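>>> coordinates only, sequence not included:
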């Protein structure tokens, strides 16, 4: 059956910063929903549906999407709330367009963790009877995950610090991120303990912001006046909730999601990608994601993390707009594939994008993109 | 459209006011086991899973799919959660529908639930309102719903009796439903004489608060026959919204439902809903909303819902039976209700509804919705 190809037509994001004090959720959302159309020849009237990602818990509001429908441009359209990172919202949107039911969709993800208690966001996610009462949460899980990884492969925390420095340097070069300092390795190691062996800078930094992506079918994409960035593969996998039962030192769900995505795109391996955009909840989480994608052997993620093309945007460590981080990765990857290059320069043609959710990266999603 | 999608297996819990014997995860497992058994499948045969539940605050577990996944044996699979207030189940089923229709999966399990005994329902709903301007005087959703009804009385001259007819019909239908837990015969008089909660809404106009889960297996036309020789095919399905705040909305016709039904009817070839549908299942959080749906879905002309209800046409033996299952009045595990309505309609067109089969039912209409009456959808199922 000839299902339509789906392309990323355009994207827009607010600056990602620790706190947008002078803007409400609706301001952040309407800002990206307005600017995503610029230069596309498409208007909100052409959009068939809106899918949004955000968290009722972070927003402090039940069915919080209901309060944002106008800002989302969803009035009188089909709307859906995926309560997971926006990359899963994009997955829904791609399926909807592929089915032929719609031709253009708007995917929006936003986050304002500065107004929320982030530790409670995570601890309310863990198993309520046996784990929550003992204080288990995101930091504890990421710390244990990192301890085991460093011990298993004899890796020093200084190696982790080098990766963090590289990500913050990339972030400082990214016009859409608020970064007022770039730490050196010593600063990363001295940043104060978050969950041993991870220092505060080895965890992703929660930031406020919003991102919007316009998806379209092939007909629409071909009329955009530049080579379409097609989404050629998608996969997602949710691990067991029980942290103790998960495989040590690897993220099986990344491996499964990658296999699913590559099976659809027909790539031999993720190494075909010129652009790699990852969402690591911690620096070790980023390494586990790289290894799960098959871009490094087990325990060898450090080398792969320092390669060009891996999180050139800075990734999630300097800027983690919880629930929007993966969709930001998709926007960054699509921008890099569609950016014009000088004559003679080699243009990137393939990208792999990773998003995550849950305590210690329980849920993972992988997209392949091609121009 | 891409590919045909059918419902090939269904399962729901025996809903109750309080299920203290199971956790949320255990409740979900019951419905999933029944749906898989009904589809003659095991979890291994399922490609992807969609979990739907109401707002997180209803039961105080954030992103509960990440916990529930272990109880249903879906670890490692593609699992995502949709939420949309009262319409969560329907919104989840729609996401599952597109996973199959868009070629992402061959078989998708959709399970929806709410365990409302574990939270403060109306408090949770009150947080829907704007934190600065709306919450001070928000009292759950009932006052809001009363305004919808009062508007019908003022503008259309409808009486309290019109909604009481709906409430009595659904409550009496629920008696035969083995999954319902509110089963008491009532008369229209009983409804009219019941205690006012937020006039004109009275006690018997309001459904119970329930714990419950419901699951369906969706399959592509390629693999549906492994489960059943007679799937319930989804001929059209849509879920629309309106962004306006209540004072700017029409309280007569639900605009998002009218838009959704126009889109779905076009896809399904429905030109005369009153004549074409054999059975209708709607999600009526308060009895008055069912009247609104009659008009928004085109079962009667605008303003004539009270006459339609009074005519007896929507009774179980009428020409357009609405909620032969009893609807929400029998059980109302909010986030699950969209899937429960799909199950009740699916079993009708599959010809195997356990207790209230409408004779020769071939074409069914399902309505569901949530939010502050601004998220509304419908689907057409056929044999």
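That came through fine. Treat the numbers as computed from the prediction; the structure is a model and nothing was measured. Numbers count the residues shown, from 1 in each chain, chains lettered A, B, ... in the order given.
>>> So, low pLDDT: which residues of the stretch 101-250 of chain B?
Residue ranges of the stretch 101-250 of chain B with pLDDT under 70: B:137-139, B:246.
>>> Spell out which parts of the stretch 251-383 of chain B neighbour chain A.
B:255-256, B:259-260, B:370-372, B:374-375 (CB under 8 Å from any CB of the partner chain). From N, CA and C alone the C-beta is placed, and that goes for glycine too.
>>> Which pLDDT value goes with the spatially closest residue to residue B:124 that is not a sequence neighbour?
In space, residue B:124 comes closest to residue B:57 once its chain neighbours are excluded; the distance is 4.0 Å by CB to CB, 6 or more residues apart in numbering or on different chains. For residue B:57, the pLDDT comes out at 87.
>>> Take the residues of the stretch 251-383 of chain B next to chain A and keep only those in helices.
B:255-256, B:259-260 (DSSP state H).
>>> okay if I get the residues you listed as JSON lines plus neighbour count and pLDDT?
Compiled in JSON lines, these are given as follows (neighbours: other CB atoms under 10 Å in any protein chain shown; pLDDT from 0 to 100):
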{"residue": "B:255", "neighbour count": "19", "pLDDT": "95"}
{"residue": "B:256", "neighbour count": "28", "pLDDT": "96"}
{"residue": "B:259", "neighbour count": "20", "pLDDT": "97"}
{"residue": "B:260", "neighbour count": "28", "pLDDT": "98"}
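>>> hmm, back to that, check the residues of the stretch 251-383 of chain B next to chain A against residue A:99 and report the nearest one.
Taking CB to CB as the measure, residue B:260 is the one of these closest to residue A:99, at 16.7 Å.
>>> Pretty sure residue B:237 sits against residue B:379.
Yes: in this structure, residue B:237 is within contact of residue B:379 by CB atoms under 8 Å, at 4.0 Å.
>>> Looking at those two, which is more packed in?
Using other CB atoms under 10 Å in any protein chain shown, the more surrounded residue of residue B:237 and residue B:379 is residue B:379, with 32 against 25.
>>> Same question for the more buried one, what's its three-state structure.
Under DSSP: H, G, I helix; E, B strand; the rest coil, residue B:379 falls in the strand class.
>>> if I look at it, how far off is chain A?
Using CB to the nearest CB, to the nearest Å, we find residue B:379 at a distance of 13 Å from chain A.
>>> Spit out the contact partners of that residue.
B:90, B:93-94, B:234, B:236-238, B:264, B:342, B:345, B:365-366 (CB atoms under 8 Å, 6 or more residues apart in numbering or on different chains).
>>> Tell me which entries of the residues you listed lie within strands.
Among the contacts of residue B:379, DSSP state E puts B:234, B:236-238, B:365-366 in strands.
>>> Stretch A:115-135 - what's its average pLDDT?
Confidence over stretch A:115-135 (mean pLDDT, whole number) is 94.
>>> what sits up against it?
With CB under 8 Å, 6+ apart as the criterion, stretch A:115-135 contacts A:55, A:57-60, A:113, A:136-139, A:206, A:241-243, A:322, A:358-359, B:23, B:56, B:60-63, B:66-67.
>>> Pick out the residue nearest the middle of the chain.
If you meant another chain, say so; for now it's chain A. residue A:326 (1.4 Å; CA atoms, centre = their mean).
>>> my bad, chain B
With distances taken as CA atoms, centre = their mean, the residue of chain B nearest its centroid is residue B:338 (2.9 Å).
>>> Would you mind pulling up the elements that the host helix or strand of that one packs against?
Residue B:338 belongs to helix B:337-349 when assigned by DSSP states H and E. Other elements packing on helix B:337-349 under the criterion 3 or more CB pairs under 8 Å, 6 or more residues apart in numbering or on different chains; DSSP states H and E are strand B:5-12, helix B:88-101, strand B:107-115, strand B:211-220, strand B:232-241, strand B:279-281, strand B:363-370, strand B:375-382.
>>> Now distance to residue A:96 too, for these, in TSV please.
Listed next are those as TSV, based on distance: least, CB to CB, whole Å:
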stretch	distance to residue A:96
strand B:5-12	13
helix B:88-101	5
strand B:107-115	14
strand B:211-220	15
strand B:232-241	11
strand B:279-281	24
strand B:363-370	18
strand B:375-382	14
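>>> Nearest to residue B:186, out of these?
Nearest of the helices and strands packed on helix B:337-349 to residue B:186, taken as CB to CB: strand B:279-281 at 20.2 Å.
>>> joint contacts of residue B:237 and residue B:379?
With contacts defined as CB under 8 Å, 6+ apart, the residues shared by residue B:237 and residue B:379 are B:93-94, B:264.
>>> so residue A:369, which of the three states?
strand.
>>> can you tell me how far it sits from residue A:348?
10 Å (CB to CB, to the nearest Å).
>>> what's the answer for residue B:366, then?
Remark: distance between residue B:366 and residue A:348 (CB to CB) = 46 Å.
>>> which of these two has more neighbours?
Between residue B:366 and residue A:348, counted using other CB under 10 Å, residue B:366 has the larger neighbour count: 29 against 19.
>>> any residues touching stretch A:212-225, and which ones?
Contacts of stretch A:212-225 (CB under 8 Å, 6+ apart): A:4-13, A:32-33, A:35-37, A:40-42, A:47, A:86, A:90, A:93-94, A:97, A:103-108, A:228, A:230-231, A:327, A:330-331, A:334.
>>> Just give the closest residue to residue A:185, not the sequence neighbours.
In space, residue A:185 is closest to residue A:161, 4.1 Å off (CB to CB, 6+ apart).
>>> helix or strand for that neighbour, which one?
Going by DSSP H and E, residue A:161 is in helix A:157-172.
>>> any idea of the mean pLDDT in the helix or strand just after that helix?
Downstream of helix A:157-172, the first helix or strand assigned by DSSP H and E is helix A:185-189. In this model, helix A:185-189 has a mean pLDDT of 97.
>>> Against which helices or strands is helix A:185-189 packed?
Using 3+ CB pairs under 8 Å, 6+ apart: helix A:185-189 touches helix A:157-172.
>>> name the helices or strands packed onto the helix it packs on?
Helix A:157-172 packs on helix A:138-153, helix A:185-189, helix A:283-292, helix A:301-305, going by 3+ CB pairs under 8 Å, 6+ apart.
>>> continuing past the last one, what's the next helix or strand?
Proceeding N to C from helix A:301-305, the next assigned helix or strand is helix A:325-338, under DSSP H and E.
>>> Pick out the residue of the stretch 151-300 of chain B closest to chain A.
Nearest to chain A in the stretch 151-300 of chain B, going by CB to the nearest CB, is residue B:243, at a distance of 3.7 Å.
>>> Provide the secondary structure category for that residue.
Quick answer, by three-state DSSP: residue B:243 is coil.
>>> All set, thanks.
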